[in-house]
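Visitor: could you work out the structure for the sequence below:
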Amino acid sequence: MALKLIIDTDPGIDDAMAIFYAIAAPEIDLLGLTTVFGNVTTAKATRNALYLLEQAGIEIPVAEGLHRPRVLPAFPPSSAVHGAEGFGTLTVPAPRRHALAETAPEYLVRMAREHRGELVLCPIGPLTNIAAAMELDPSFCSNLKGMVVMGGSLRAGGNITPAAEANFYHDPHAADYVLRHGCHITLEGLDVTNRVICPRSFFADLASESPKMGGLLHVMADFYIDFYETVGKFSGCGMHDPSALVACLAPELFTTEPHVLRVTCAGDRSGEMITKTSANAQPVNVCTDVQAEAVKQNFFKIVAKLS
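Guide: Below is the predicted model:
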């Protein structure tokens, strides 16, 4: 039976990679997308999600999420990393379809109830919608089969500040709430995603195998890799969000450790993930090691199937 999945996303170049992976994987039944701010505004995230689905030729629901963090003022989008519209230099036209009337938290709560014990949620942006869904329905997390979160950093430092990973930084209060009160969580953060690096040749080869969809990712990835090479961190781009989707299907490619986690919510270390010692708290399974080449091969093999 295919894995029932919803992605909470802020598309975003690597979000596009993750969404196309979920669409292409026969082992995934992608039920819908929910949108949030981060790489772009929430309104642009919704437009971009609808655009990606149109490009892939599928119609599944998109529910628009919250537009600002729980406590902090809104952050400017990450245009230096993802471009002004979210997909590098690409111009994104207005989509033909519209988002649901339901908000993302309402949609998530409803779907978790309808698919109790079967639905996996994969948030790859700030956790604002997830925290709101948990407040809306205290049984939300227990209704899920599991949650695979792209965010945080246990030992790898930050990627937006020296201490913080970007998704947690953009809403630290939401991240802290989810890690405090959630259950069945696997956290896939910079400790592993910084090791899954794909060069330009990877996306050129993908475009050769899948001219339309792989070609679209190739154009986006050029902008993304330009940023990584400009800051001098990698020769290629980190596969942050796609790695979380691979972890949903192939958890055996990742090594995890259980940790009780909190997130710093103020000061110059806001967004930093820290460990706590507590016998009563629910631990999170934190990915600490990865078979990086196998993850890249898994991603390539599946996305190359897209026409």
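
Visitor: what confidence value was assigned to the spatially most central residue of the chain?
Guide: The residue lying closest to the centre of the chain (CA atoms, centre = their mean) is Ile124, at 1.5 Å. At Ile124, the pLDDT value in this model is 98.

Visitor: for the stretch 101-250 of the chain, which segments count as strands?
Guide: Remark: strands assigned in the stretch 101-250 of the chain by DSSP state E, counting those that start in this stretch are 119-123, 146-150, 185-188, 197-198, 237-238.

Visitor: I'd like those strands as a markdown table, with mean neighbour count and distance to Thr42 appended.
Guide: The way it works is simple: take the backbone N, C-alpha and C, and place the C-beta from them, glycine included. Output for the strands of the stretch 101-250 of the chain, formatted as a markdown table (neighbours: other CB atoms under 10 Å; distance: least, CB to CB, whole Å):
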| stretch | mean neighbour count | distance to Thr42 |
| --- | --- | --- |
| strand 119-123 | 25 | 14 |
| strand 146-150 | 26 | 18 |
| strand 185-188 | 25 | 23 |
| strand 197-198 | 21 | 28 |
| strand 237-238 | 25 | 23 |
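
Visitor: can you redo these as JSON lines with distance to Asn39?
Guide: JSON lines is the format used below for the strands of the stretch 101-250 of the chain (distance: least, CB to CB, whole Å):
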{"stretch": "strand 119-123", "distance to Asn39": "13"}
{"stretch": "strand 146-150", "distance to Asn39": "12"}
{"stretch": "strand 185-188", "distance to Asn39": "17"}
{"stretch": "strand 197-198", "distance to Asn39": "18"}
{"stretch": "strand 237-238", "distance to Asn39": "13"}
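
Visitor: the residue nearest to the centre of the chain reaches Met150, doesn't it?
Guide: Yes - here Ile124 reaches Met150: they are 4.4 Å apart, a contact under CB atoms under 8 Å.

Visitor: okay, and the common contacts of these two?
Guide: Listed as contacting both Ile124 and Met150 by CB atoms under 8 Å, 6 or more residues apart in numbering are 167, 240-241, 244.

Visitor: could you export those residues as JSON lines, including pLDDT and distance to His98?
Guide: JSON lines is the format used below for these (pLDDT from 0 to 100; distance: CB to CB, whole Å):
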{"residue": "Asn167", "pLDDT": "98", "distance to His98": "26"}
{"residue": "His240", "pLDDT": "98", "distance to His98": "29"}
{"residue": "Asp241", "pLDDT": "98", "distance to His98": "24"}
{"residue": "Ala244", "pLDDT": "98", "distance to His98": "27"}
